[in-house]
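Colleague: Provided below are the primary sequence and the corresponding predicted coordinates.
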Amino acid sequence: MIIELGHFALVLAFVLALAQASLPLIGAARGSAALMAVARPAAMGQLVFLLLAFAALMNGFVTSDFSVQVVAANSHSAKPMLYKIAGLWGNHEGSLLLWVLILALFGAAVAGVGNNLPASLRARVLSVQAMIACGFLSFMLATSNPFTRLIPPPLDGNGLNPLLQDPGLAFHPPFLYLGYVGFSMAFSFAVAALIEGRVDPAWARWVRPWTLAAWCFLTIGIAMGSWWAYYELGWGGWWFWDPVENASFMPWLAGTALLHSAIVVEKRDMLKSWTILLAIITFSLSLLGTFIVRSGVLSSVHAFATDPARGVFILGFLVLVIGGSLGLYAYRAPVLKGGGIFAPISREAALVLNNWLLATACATVLLGTLYPLLMDALSGGVDKVTVGAPYYNATFTPLMVPLLILMALGPLMSWKRGDLPGVLSRLRFAFGVSVLGMLLVWYLREEGPVLAVFGIGLGIWLIAGALTDLAERIRLFRISPYASLSRAAGLPRAVWGATMAHAGVGIVVLGITASSAWTEEKIILMQPGDQASVGGYDYRFIRAEQGPGPNYTALRGQFEVSRNGQPVVTLEPESRSYPTPPMDTTEAAIYPMLSGDLFAVIGNPQGDKGWSARLYFRPLQSWIWGGALLMTLGGAISLSDRRHRVGAPRRAAAHGRSDAGAAIAAE
Amino acid sequence: MNRMQWRRFIPLGVASFLAVMLFIGLGLDPKIVPSALIDKPAPQFDLPPLPGKEPGLIAADLAKGGVSLVNVWASWCGPCRIEHPQLMEIAKIPGLRMIGLNYKDDPARALAFLQQLGDPFATVGADRSGRVAIEWGVYGVPETFIIDGDGRIVMKHVGPLRPEDIKEKILPAIAAARP
């Protein structure tokens, strides 16, 4: 019964979305306040009904109601509660429900807190938002209904893929979706602005917090995903340039560019057309990500639902959304004339460069992801190629290097006309520190490699550059420390946020460089009592024994790690065997330290020769995730900036008010 | 209208191109995964037998003339059970050597699997570490390879064999592998 109520709520949400997609749009075009007023209660209602549907399905998972098809296919009565809950979005139908729920959440947020928006803009934004919801809800109702019953119900469920039974992964999809779907706000604002024919600094200021929030969620989502891969897949890799990883990384790159170009619109009333395009592209890439994962056009270890019928539906939807919005862009772009010209050396020029590099990097990843498909399609299924890490190392990395070098310069530039020699001289301290760091690393690691030494220098340069910006702003050492402190307290939070995010990138760069260049690894057979030395740490193998877990049996190994005779930690890696579905997973034991990660994996016994063990020392490994966390934190702090909270941005009066036709004629 | 006007259609054009490609991509069989090994000699290996299924398996067995089918399977793999009737069917083809590559499996369970569902294989090598499967570029179980008399890989199929795959893929590949 509860399940049928959930189904019914889903249908009602769809009907409300249809109303919300059409009426407010007509109202905004005709200037009818009554029709525009439909948008807010409809958005709220959609959220309520989707919450009901979500709760109904959640109830099915929590109570292990195997008469529901998705529950039977993805859950099991012996599963820990956390994974019963996470099982809801660990499958195609449930993850779509989460997707639309989050979409409704953002829609309701605009309806609820968007008091400072002009009525027509709000009506249009909510309308566009509802169009997206219509697409997804009809997709669910037509091809992937999570509330389908299974008669007769099986005695027990199939279980969730054991690889996915992990706390890190349990909360990875919700964050990723909050990011993906969050960019729908930027998209809706962009399309609404195209319909209105008006983009101005006030618009940018409304869009930025939504973009920033989505970016934060996506950053943390991607970091969680790679962290999961790092400790669950058991060979220490954390990024594989897998199509599904790329699918989340492309919106991140485009979103990062959007975040920066929106600043230019806000402060200088320029780059409007480009910013609108970026907003459309960012969300389009999020949708493309969904398509790639759901349709199975690209074979990937991640794809857990491959169904051509669904693929055709999503592709049709994709064409409608992306084609429609880009068509509207082509039609309306000439209206979006920016004001003013900019000097080649200025903050805005630096941000344009940032956008070029990020957009090119994003296109590079897109090409790498779709290239196998393109070759396949163009050759009629004859040429099959796979694109791997070497492609990305050769294309993506060289694009990142100038971006990272310039990243320290940008924030120090002033708007309109920058003073390059002045900026460089202010950065001489940062430059000195990074050269020192490089020399130190070169001394410690004589064998190089040169690129890794350069990477370390780059990381230090970014951190020192971010700190230089801060020091300049509080006039550190030039006025009394007390005065500096009071200036620091008075700095806008957006500045603190930017500093933290940029320093976070530096920390990530250090982590990536050190862990990929100087990881030490040993794969050996060990008998109890044997000892092996890896990266200056002594691993002593104590024992390995078989033991039960909640819904698996595990082979547990025990390693005592010491350094120079001082005990450091006891590592207990596991190799788990799940009965439903039958599968073995590796649970690496990881001890993260500031200097690096100790990492041990236990394998199967090899006759009487002992157990195979893989032991690693991975320097600065956890800096990657620490840096990502700092970036997210920076984003969150910037989000809490005063200017987003108070002082509703007010539009400049009437100039060119929404009169797109006249603007086109005037050209 | 000035000369720059056409530029605003670029995004739409790129998106349309990608949409067409994605549509074609949907029609292609995602199960045909590229193998860099097609037309190359099968990788060298030396595997112990499953107990009772001596004498194990070495790469030289494949180059002794005659067409071979190599099936990568495991008792813990659900789709392997689904495709097993197809393997039993294929095993009736005269002159085809059926070889099993038992992937990361417990020997007792693997033998029980064959006793329960039937044993289509002439020889079975036990790849307990999965090392040989890595050399063969195995994505996951099950996978099926057709090898010609010179030990070269002619075809690779990823995922379970469906009944229609026998006629559509296996038989043509065997015909192509015969001199």
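Modeller: Nice, I can see it.
Colleague: Tell me which helix or strand residue B:20 sits in.
Modeller: According to DSSP states H and E, residue B:20 maps onto helix B:10-27.
Colleague: Buried ones in that helix, by neighbour count?
Modeller: Across helix B:10-27, burial judged by 16 or more other CB atoms under 10 Å in any protein chain shown covers B:11, B:12, B:15, B:16, B:18, B:19, B:21, B:22, B:23, B:24, B:25, B:26. C-beta: built from backbone N, CA, C; applies to glycine.
Colleague: what about dumping the CA coordinates of that helix to PDB?
Modeller: The C-alpha coordinates for helix B:10-27 follow below in PDB (Å, rounded to 0.1, in the frame of the first residue of the first chain):
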ATOM      1  CA  ILE B  10      29.000  26.700 -33.200                       C
ATOM      2  CA  PRO B  11      27.800  25.200 -29.900                       C
ATOM      3  CA  LEU B  12      24.600  24.000 -31.400                       C
ATOM      4  CA  GLY B  13      26.500  22.500 -34.300                       C
ATOM      5  CA  VAL B  14      28.900  20.600 -32.000                       C
ATOM      6  CA  ALA B  15      26.000  19.400 -29.900                       C
ATOM      7  CA  SER B  16      24.100  18.100 -32.900                       C
ATOM      8  CA  PHE B  17      27.100  16.300 -34.200                       C
ATOM      9  CA  LEU B  18      27.600  14.600 -30.800                       C
ATOM     10  CA  ALA B  19      23.900  13.700 -30.600                       C
ATOM     11  CA  VAL B  20      24.100  11.900 -34.000                       C
ATOM     12  CA  MET B  21      27.200  10.100 -32.800                       C
ATOM     13  CA  LEU B  22      25.600   9.100 -29.500                       C
ATOM     14  CA  PHE B  23      22.600   7.800 -31.400                       C
ATOM     15  CA  ILE B  24      24.700   5.700 -33.700                       C
ATOM     16  CA  GLY B  25      26.600   4.500 -30.600                       C
ATOM     17  CA  LEU B  26      23.400   3.300 -29.000                       C
ATOM     18  CA  GLY B  27      22.700   1.000 -32.000                       C
END
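Colleague: packing partners for it?
Modeller: helix A:272-295, helix A:308-318, helix A:324-332, helix A:347-378 (3 or more CB pairs under 8 Å, 6 or more residues apart in numbering or on different chains; DSSP states H and E).
Colleague: Check which residues of the second one are buried.
Modeller: Of the residues in helix A:308-318, those with enough neighbours to count as buried (16+ other CB under 10 Å) are A:310, A:311, A:313, A:314, A:315, A:317, A:318.
Colleague: circling back: turn the buried residues of helix B:10-27 into a markdown table, including pLDDT.
Modeller: Below are the buried residues of helix B:10-27 laid out as a markdown table (pLDDT from 0 to 100):
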| residue | pLDDT |
| --- | --- |
| B:11 | 87 |
| B:12 | 88 |
| B:15 | 87 |
| B:16 | 88 |
| B:18 | 84 |
| B:19 | 83 |
| B:21 | 79 |
| B:22 | 76 |
| B:23 | 76 |
| B:24 | 75 |
| B:25 | 69 |
| B:26 | 67 |
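Colleague: ok, those vs residue B:123, which is closest?
Modeller: Nearest to residue B:123 out of those is residue B:25 (CB to CB; 38.6 Å).
Colleague: near chain B at all, the helix or strand where residue A:544 lies?
Modeller: Residue A:544 is part of strand A:537-548 when elements are defined by DSSP H and E. No - figure legend: strand A:537-548 not in contact with chain B (CB under 8 Å from any CB of the partner chain); closest approach 13.0 Å.
Colleague: ok, residues contacting that strand?
Modeller: Residues outside strand A:537-548 that contact it (CB atoms under 8 Å, 6 or more residues apart in numbering or on different chains) are A:526-533, A:553-563, A:568, A:570-571, A:598, A:600, A:602, A:605, A:611, A:613, A:615, A:617.
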